[in-house]
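K.L.:
what shape does this take:
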Amino acid sequence: MEYINIFIKSAFIDNMIFTFFFGMCSYLAVSKTVKTAVGLGMAVIFVLIVTIPLNYLLETLVLQEGALAWLGDDYATMDLGFLSFIMFIAVIASIVQLVEMLVEKFSPALYGALGIFLPLIAVNCAILGAALFMQQKQFANIGHATMYGFGSGFGWFVAIVLIAAIREKIKYSHIPGPLKGVGMAFILTGLMGLAFLGFLGFEL
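P.N.:
Reported below is the predicted structural model:
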């Protein structure tokens, strides 16, 4: 039940796009077609599933105050928390590089369609934001942190696929010129954000 609660809250209640507006640059740029949106969304899920538990271990075993007590009494009071930001980014960048190589190897068409936005996952606010929220929430174990990473990635995936599906459909609609493209995407994002407020009552 606890894992389900973490998943629902991270995916729908604290959605990275509709609640915090994290990762908006790639969300708006890659959501023109469902195919590219699904590809980038899956990449984000994978990166979060891997980086959140890795950063959790890094935080609990190395960075936080007293984490290095396992090395001896001399390290029991050491606090490396000031390094957390740069260390989290290093972990994220490494995993994103791995994802980029895998996508290029196994799906060259998707790699070409995503273009610069695939390597830019490394600086996606949703990825780093999830790591910093994980640090703030102080999860009891790595399982909770992993579920949080999966839920956050799934929520971002749902958001970008939904907006991509709608944007594909409205290509055939009569939209005023000034609202075409990003303008309509912003309006749709705001409406979808309001709709996602309905999930507030789903927290267990």
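K.L.:
and the one helix or strand residue 50 maps to, what's buried?
P.N.:
Secondary structure assigned from DSSP states H and E places residue 50 in helix 34-58. Residues of helix 34-58 classed as buried: 34, 36-56, 58 (neighbour count, 16 or more other CB atoms under 10 Å). In this view, the C-beta of every residue, glycine as well, is placed from N, C-alpha and C.
K.L.:
how about low-confidence regions in the protein?
P.N.:
Residues of the chain meeting the criterion pLDDT under 70: 123, 201-204.
K.L.:
would you map the helices across it?
P.N.:
2-8, 24-29, 34-58, 84-106, 108-114, 125-137, 142-169, 182-196 (DSSP state H).
K.L.:
want to throw these into CSV with distance to residue 71?
P.N.:
As requested, these are arranged in CSV below (distance: least, CB to CB, whole Å):
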stretch, distance to residue 71
helix 2-8, 31
helix 24-29, 40
helix 34-58, 15
helix 84-106, 17
helix 108-114, 42
helix 125-137, 21
helix 142-169, 20
helix 182-196, 45
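K.L.:
out of these, the one nearest residue 75 is which?
P.N.:
Proximity to residue 75, assessed across these by CB to CB, is greatest for helix 34-58 (15.6 Å).
K.L.:
from the chain's centre, how far out does that closest one sit?
P.N.:
Relative to the mean C-alpha coordinate of its chain, helix 34-58 is positioned 6 Å out (CA atoms, centre = their mean, to the nearest Å).
K.L.:
for it, packing partners?
P.N.:
helix 84-106, helix 108-114, helix 125-137, helix 142-169 (3 or more CB pairs under 8 Å, 6 or more residues apart in numbering; DSSP states H and E).
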